[in-house]
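K.L.:
sequence-free structure coming up:
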């Protein structure tokens, strides 16, 4: 830094541009001129390039510097790109404590921000495939795509057409990104449902052997109330699922869709395991059958099985059995607020006159509240008051 300051002072006798605060356009022009002088001596210096970019990136109007007109944002983009190019040439070690790596990482972040804000599509696409050996938290291509995805999600609800632009750019970089394709369909559906259907049909023609285009069309059909057609597309998606995890997730969607149109029998025909069948029977209100199947499946999927056992016994009024099931569930998922809440409710109803039951119920509800469950204040205070009353009666005996 002293070397830079000395170089500027010898040339101008004024304050060094590296550290100066720019309060107006005259300061900006002066600082950029002096930084250009330094960059002639040290053309690859990341600190100088970064400082020049920082000064210029927020200036919107063109500047007259040394008889030439410059576009500030374009110059800032060039500076950040130069920093990344330098890092690539030097094979910068990926280490947060490495000064050059830190400069390169900030440069990439700022460069992406400028390119996205100014909608420099071609430069964004070029950046995604530049410097493939320069890896930060992820490869540059992934960082660019994540930035575009984040920006698209920002506009998804308020300006879906804007979101569509960013999904389009992302798909140009990664044409096989099914999540981006699905999200694009959702964005288009918010302002033009007919076009969203056309997109679905296009993807079905191009990639119909995969499950996701069928799932995307199912969601679209269900969103406009065509549940039976949506259910058929869900079944088509289920047939094309590649992994067991994907098949299970789609089966759950089929169950939900079938329940929405009062066709649980169809879901039962597709269910391949007892805990899924137990869930379907619970949704149908056949609580005893749900309990029977959940008990048999408890060793396979203990969390879901005990959830069904607790809920079904609660519906049947067997609060003691429900409390036992929910207690087991709190051991499986101790950070789940709803589990503690229903454990408390079942325990409270199992024996509302027993002081130990009341104390246990109070503990469960307080735990649920601490984990984020909203509970009316009087619900907890009433239990505390009943405990106090029972305590007084016990001492009076």
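P.N.:
Right, received. Where do you want to start? As the structure is a computational prediction, the values presented were derived from the model and not from experiment.

K.L.:
CA atoms for contacts and neighbours, from now on please.
P.N.:
Will do.

K.L.:
I'd like to know how many residues surround residue 137.
P.N.:
As a burial measure, residue 137 scores 9 neighbours (other C-alpha atoms under 10 Å).

K.L.:
any chance of the backbone angles for it?
P.N.:
With angles defined as degrees, to the nearest 10, residue 137 sits at phi -70, psi -20.

K.L.:
just residue 44 next, same as before
P.N.:
With angles defined as degrees, to the nearest 10, residue 44 sits at phi -110, psi 20.

K.L.:
next one: the residue nearest the centre of the chain from residue 333, what distance?
P.N.:
What sits nearest the mean C-alpha location of the chain, by C-alpha atoms, centre = their mean, is residue 150, with 8.7 Å. From residue 150 across to residue 333, the span is 31 Å (C-alpha to C-alpha, to the nearest Å).

K.L.:
what of residue 288?
P.N.:
Residue 288 is 25 Å from residue 333, by C-alpha to C-alpha.

K.L.:
more neighbours, the two?
P.N.:
Neighbour count, other C-alpha under 10 Å: between residue 288 and residue 333, residue 288 has more, with 16 against 13.

K.L.:
how about the contacts made by the more buried one?
P.N.:
Contact analysis of residue 288 by C-alpha atoms under 8 Å, 6 or more residues apart in numbering lists residue 312.

K.L.:
what is the mean pLDDT for stretch 154-172?
P.N.:
Stretch 154-172 carries an average pLDDT of 93.

K.L.:
which other residues reach that stretch?
P.N.:
Stretch 154-172 is contacted by residues 121, 125, 145, 148-149, 151-153, 177, 180-181, 183-184, 187-188, 190-191 when judged by C-alpha under 8 Å, 6+ apart.

K.L.:
among the residues you listed, name the ones in helices.
P.N.:
121, 125, 145, 148-149, 151-153, 180-181, 183-184, 187-188 (DSSP state H).

K.L.:
who touches the residue nearest to the centre of the chain in this structure?
P.N.:
Not one residue lies near residue 150 by C-alpha under 8 Å, 6+ apart.

K.L.:
show the pLDDT at it.
P.N.:
Reported pLDDT for residue 150: 92.

K.L.:
leaving out chain neighbours, which residue sits closest to residue 49?
P.N.:
Among residues not flanking residue 49 along the chain, residue 79 sits closest, at 5.3 Å (C-alpha to C-alpha, 6 or more residues apart in numbering).

K.L.:
hmm, residue 54 and the one you found touching each other?
P.N.:
No: the pair residue 79 and residue 54 fails to qualify as a contact (C-alpha atoms under 8 Å) at a distance of 9.4 Å.

K.L.:
ranges for the strands of the stretch 1-150 of the chain?
P.N.:
Applying DSSP state E, counting those that start in this stretch to the stretch 1-150 of the chain gives strands spanning 63-65, 68-70.

K.L.:
the last one pairs with which strands?
P.N.:
Taking DSSP bridges as the criterion, strand 68-70 pairs within the sheet with strand 63-65 (antiparallel).

K.L.:
now the partner strand, how far from the centre of its chain.
P.N.:
Distance of strand 63-65 from the chain centroid (C-alpha atoms, centre = their mean, to the nearest Å) equals 43 Å.

K.L.:
Three-state assignment for residue 375, please.
P.N.:
Following DSSP: H, G, I helix; E, B strand; the rest coil, we place residue 375 in the coil state.

K.L.:
thought it was touching residue 367?
P.N.:
No: judged on C-alpha under 8 Å, residue 375 makes no contact with residue 367 at a distance of 10.8 Å.

K.L.:
who has more neighbours, the two?
P.N.:
Legend: neighbour count by other C-alpha under 10 Å for residue 375 and residue 367, higher for residue 367 (21 against 13).

K.L.:
and the residue nearest to that one when sequence neighbours are not counted, how far is that from residue 323?
P.N.:
Of all residues not flanking residue 367 in the chain, residue 340 sits nearest, at 6.6 Å (C-alpha to C-alpha, 6+ apart). Shown here: residue 340 relative to residue 323, a distance of 10 Å by C-alpha to C-alpha.

K.L.:
do residue 130 as well
P.N.:
Distance of residue 130 to residue 323, given as C-alpha to C-alpha: 59 Å.

K.L.:
quick one: which of these two has more around it?
P.N.:
The residue with more neighbours, out of residue 130 and residue 323, is residue 323; 26 against 16, by other C-alpha under 10 Å.

K.L.:
got the contact list for the more buried one?
P.N.:
By C-alpha under 8 Å, 6+ apart, the residues touching residue 323 are 310, 342-344, 346-347, 350.

K.L.:
can you lay out these as TSV showing secondary structure, distance to residue 296 and pLDDT?
P.N.:
Putting these into TSV (DSSP: H, G, I helix; E, B strand; the rest coil; distance: C-alpha to C-alpha, whole Å; pLDDT from 0 to 100) gives the following:
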residue	secondary structure	distance to residue 296	pLDDT
310	helix	14	96
342	helix	22	95
343	helix	22	95
344	helix	25	94
346	helix	22	95
347	helix	24	94
350	helix	24	92
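
K.L.:
now do the helices in the stretch 1-150 of the chain.
P.N.:
2-12, 25-41, 46-56, 72-89, 99-117, 121-128, 140-155 (DSSP state H, counting those that start in this stretch).

K.L.:
how far does the second one sit from its chain's centre?
P.N.:
Offset of helix 25-41 from its chain centre (C-alpha atoms, centre = their mean): 42 Å.

K.L.:
and for the last one?
P.N.:
The offset between the C-alpha centroid of helix 140-155 and the centroid of the whole chain comes to 11 Å, using C-alpha atoms, centre = their mean.

K.L.:
for the next helix or strand after that helix, buried residues please.
P.N.:
Downstream of helix 140-155, the next assigned helix or strand under DSSP states H and E is helix 160-173. Within helix 160-173, the residues that count as buried by 16 or more other C-alpha atoms under 10 Å are 160-171, 173.

K.L.:
before we move on, what about stretch 149-161?
P.N.:
For stretch 149-161, a neighbour-count test (16+ other C-alpha under 10 Å) marks 149, 151-153, 155-156, 160-161 as buried.
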